[in-house]
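> Requesting a structural model of the entry that follows:
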Amino acid sequence: MTHTKVPDEDERAELFKMHLPELLDNQSNDLFERFEAQAYSCYSGIEKPGEHDNPHGPKVLRVIPPDKLWPDKNDALIPPLGEAAHDMLRAFILGEYYPCIGARAAFTEGTYRLGFYKHLAHLSSVAAMGRDLKRFVGEYQKIGRYNTFVAIFKHPQLTTEEQFESLLWKHLQLLHDHDIDHWDPHYSPNPEDPTFAFSFNGEAFFVVGMHPGASRLARRFGFTVLVFNPESQIRNLKENHKLARFSEVVRTRDTLFQGSLNPSLPLDGSTTGGEAQVYSGKAHPAGTVFKCPFHPRPEVTKK
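Okay, the predicted model is just below:
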């Protein structure tokens, strides 16, 4: 069987150049509706697992058409490098010692969505990833219990923790600057506020960064990655008195995996407050001052 394949980023860039004049005449003011957002979009998932499906077996990632919640065998494959990155990430997260049980649940049940983009913090990748994340916001509650959106970037391939943290916040700032929706009312837009959480398209996320230069083993991966975990799932755990136990398990597993507790994590599971300093994975020990470079738009701050 011959499978269709989504053109990779270089092939799509050539198409973009060919049609640039007419595209510039017909561009939307909404970054996430512009041609580059549509051209580089890569909203993907695995086929819906069956009752007797082996959750740890190999999975094929396919682009999900706009009118479907799950892909099937007739849908296009993502570019080969993106598929390889996906396979590596699945193996890493489903490995015996990976700490985050929420991520493991999402990958076990297949209730994650993934996009593969060219460059973290570049506007064309921000446009495409933002378009896909908007779709995830509208769909994730229909997918399953534990859901996450994973954005993998081809570049940069080598990073220091300082470089990655800077690029992460530049990427989130660009997403926010072009976001026309309201901030999630459950959270503060001020990164220095203990109730802060990053919001996009009206939905707050706990963002987890991964990259090759991470000092924490659970954050160290061969590609640059941003994982967007809906805060609503964390609130649900808290409301059902399960967050403390969930956090304790993750903290214990992370300590076993690394050999030491992540100094950036909250001391207990009662809150995810102060989470801005946790997104990048760079250590910000207690007592040190972390100045987050994120600046919410004035209209968001006033509300």
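> For this protein, give me the ranges with low pLDDT.
1-27, 263-273, 285-287, 303 (pLDDT under 70).
> The protein: helices as residue ranges?
9-18, 20-24, 35-40, 80-93, 101-109, 123-143, 161-177, 231-239, 243-258, 298-302 (DSSP state H).
> would you list these in TSV and tack on distance to residue 64 and mean neighbour count?
C-beta here means a position set from N, CA and C on the backbone, and glycine is covered the same way. Converted to TSV, the helices of the chain look like this (distance: least, Cβ to Cβ, whole Å; neighbours: other Cβ atoms under 10 Å):
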stretch	distance to residue 64	mean neighbour count
helix 9-18	18	14
helix 20-24	25	10
helix 35-40	14	20
helix 80-93	14	18
helix 101-109	16	20
helix 123-143	9	21
helix 161-177	21	19
helix 231-239	21	17
helix 243-258	29	16
helix 298-302	30	10
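> Save those helices as a markdown table, and put in distance to residue 66 too.
Putting the helices of the chain into a markdown table (distance: least, Cβ to Cβ, whole Å) gives the following:
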| stretch | distance to residue 66 |
| --- | --- |
| helix 9-18 | 18 |
| helix 20-24 | 20 |
| helix 35-40 | 10 |
| helix 80-93 | 19 |
| helix 101-109 | 22 |
| helix 123-143 | 8 |
| helix 161-177 | 21 |
| helix 231-239 | 23 |
| helix 243-258 | 34 |
| helix 298-302 | 29 |
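> So which of these is nearest residue 276?
Checking the helices of the chain against residue 276 by Cβ to Cβ gives helix 161-177 as the closest, at 8.7 Å.
> Specify the angle between the closest one and helix 123-143 in degrees.
70 degrees (axes from the mean of the first three to the mean of the last three Cα atoms, to 10 degrees).
> Out of the helices of the chain, which is closest to residue 151?
helix 123-143 (5.0 Å).
> hmm, who's touching that closest one?
Applying Cβ atoms under 8 Å, 6 or more residues apart in numbering, the contact partners of helix 123-143 are 31-34, 36-43, 66, 69, 111, 113, 115, 117-119, 147, 149, 151, 153, 171, 174-175, 178-179, 200-203, 228, 230, 232.
> distance of residue 143 from residue 80?
25 Å (Cβ to Cβ, to the nearest Å).
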